[in-house]
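In: Output the structure for:
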Amino acid sequence: MPESFHQLQLDVPIERVWNFVCNPSNWAPLIKGYSTHEWINDRQSFWKFKGELGKFKKTVHVRLDITEWLEPKKISFMLTGMNENFKGHGYFSAQSVLPSQTKITGYLTITSKGMMRPVINPLLKTVLPKTTKHLTEAIAQKMTALQTAIT
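Out: You can find the predicted model right below:
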């Protein structure tokens with residue numbers, strides 16, 4: 001099962017981290033290939049991405065289901081491909097290091113379930129670490145910029 005996580009520490013209090021991360025609409029546009037998303041209810045949304053996976057170029061439709069909100073420490077979600085046969089899940093977690101510092105972790109796993117899985121899953125093993133790192137760092141940069149604007 002292709003999976004990846006990325007951690008880093010921010011000079012941002014955990015409450016501010018939570019205020020940003022608890023709403024996926026804040027970080028959806030930071031995902032590479034993001035096109036649009038639409039909320040169906042407070043726990044489910046549909047997202048559209050344009051991306052490449054090796055030689056494959058596609059627009060992928062994904063359903064994101066929030067499975068857990070543990071304020072201020074963790075938001076977990078499930079991913080389901082709507083036009084591609086894949087499943088996955090992920091989370092963002094936060095741990096207070098000092099009152100003004102927080103360690104964040106981004107985790108993502110996706111597994112292709114279709115006939116192309118012997119080709120797609122090895123590609124995911126190389127793409128997921130880059131995607132997870134990029135998104136976690138983009139969230140950190142956004143939160144650091146917001147923190148700087150406040151102080």
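
In: doesn't residue 14 make contact with residue 147?
Out: No - contact between residue 147 and residue 14 fails when scored by Cβ atoms under 8 Å: they sit 11.9 Å apart. In short, each C-beta sits where N, CA and C put it, glycine included.

In: Of the two, give the one with the bigger neighbour count.
Out: residue 14 (22 against 17; other Cβ atoms under 10 Å).

In: residue contacts, the more buried one?
Out: Residue 14 makes contact with 72, 73, 94, 95, 96, 102 under the criterion Cβ atoms under 8 Å, 6 or more residues apart in numbering.

In: Which of these are buried, as a ChimeraX select command?
Out: To isolate the buried subset of the contacts of residue 14 in ChimeraX, counting by 16 or more other Cβ atoms under 10 Å, use the following:
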select :72,73,94,95,102
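
In: And the next helix or strand past the longest strand seen in the chain?
Out: In the chain, taking DSSP state E as the definition, the longest strand is strand 56-70. Helices and strands here follow DSSP states H and E; after strand 56-70, the next one along the chain is strand 74-81.
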